[in-house]
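Here is a sequence together with a model predicted from it:
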Amino acid sequence: MFFFDPFYLIAISPALLLAFWAQYRVRSTYAEAQRIAAPLSGAAAARHILDSAGLQDVDIQMIPGQLSDHYDPRDRVLRLSEAVYQGQSLAAVGIAAHESGHALQDARHYAPLVIRNAAVPVAGFGSNFSFILLFIGLMLSARVPQLGHSLVLGGLALYGAVVFFQLVNLPVEFNASSRAKVQLVQLGIVSPEEMVYVNRVLDAAALTYVAATLQALLTLLYYIFRFSNRRSGW
């Protein structure tokens, strides 16, 4: 069947290899940085960064999970996993500072973040329903070519929204890490000599976003290629 085409795995293999490498780098660099003590916990470092930027109204909460840390722009809440919230290591303050960077972006109305937040509903809908349209369009292509073709185009457009979200998300994540690195040094939370360990953690995390973007893009190109070949027979 089309959706089990082994060529798909070949098409996205560069992204899969990069994702495996990125996950390995995240685990290894996080474990390394976790062994080096920091003067503040992750929560305290985030609070210091936010307060220094005049963002006393941004709350910080501890949540379950591992590396489940994120900033919620709707509620203006920084949510940190237990290990990051309570951890007093370079890994903890690095991740907390990265998430604080998103709060700084939000406060400064950083354009890519504004665009990304606006694209979230469409990207979520596209991620859930694009494959349904593609599958139905494929099934109908032999019996009702025009309808099948229209559904396929709709599915491709929806998945294109996912790719767009991933592309916009890259500068958002890179910029958050850049802001974090600057704040950690300027506020004296991490010394310039110790920043090498924080840099490794944040750079490894950035690779995961690159891998996700590459996989989304290669998947879209794969579907375009396969459906364009099928359309020639419709």
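Received the coordinates, thanks. Numbers count the residues shown, from 1 in each chain.

All the strands of this structure, residue numbers only.
Assigned by DSSP state E, the chain shows strands spanning 59-63, 70-72, 77-81.

okay, those strands in a markdown table with mean pLDDT, distance to Val120 and mean neighbour count next?
Yep, even glycine has a C-beta here, placed from its N, CA and C like the rest. Compiled in a markdown table, these are given as follows (pLDDT from 0 to 100; distance: least, Cβ to Cβ, whole Å; neighbours: other Cβ atoms under 10 Å):
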| stretch | mean pLDDT | distance to Val120 | mean neighbour count |
| --- | --- | --- | --- |
| strand 59-63 | 97 | 19 | 15 |
| strand 70-72 | 96 | 12 | 18 |
| strand 77-81 | 97 | 16 | 21 |
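
Let's have these in TSV, adding distance to Ser28.
Putting these into TSV (distance: least, Cβ to Cβ, whole Å) gives the following:
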stretch	distance to Ser28
strand 59-63	24
strand 70-72	22
strand 77-81	18
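
between the ones you listed, which gets nearest to Arg143?
Evaluated over the strands of the chain, closeness to Arg143 peaks at strand 70-72, with 45.1 Å, by Cβ to Cβ.

Parallel or antiparallel, which strands does the closest one pair with?
Here strand 70-72 is paired, per DSSP bridges, with strand 77-81 (antiparallel).

Now do the partner strand: distance to the chain's middle.
Offset of strand 77-81 from its chain centre (Cα atoms, centre = their mean, to the nearest Å): 16 Å.

contacting residues around that strand?
Strand 77-81 has contacts (Cβ atoms under 8 Å, 6 or more residues apart in numbering) with 42-43, 46, 50, 58-72, 95-96, 99-100, 103.

Using PDB, list the CA coordinates for that strand.
What follows is strand 77-81, C-alpha atoms only, in PDB (Å, rounded to 0.1, in the frame of the first residue of the first chain):
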ATOM      1  CA  VAL A  77       3.700  30.800  32.700                       C
ATOM      2  CA  LEU A  78       7.100  29.100  32.600                       C
ATOM      3  CA  ARG A  79       6.700  25.400  33.300                       C
ATOM      4  CA  LEU A  80       9.800  23.500  34.300                       C
ATOM      5  CA  SER A  81      10.200  19.800  34.900                       C
END
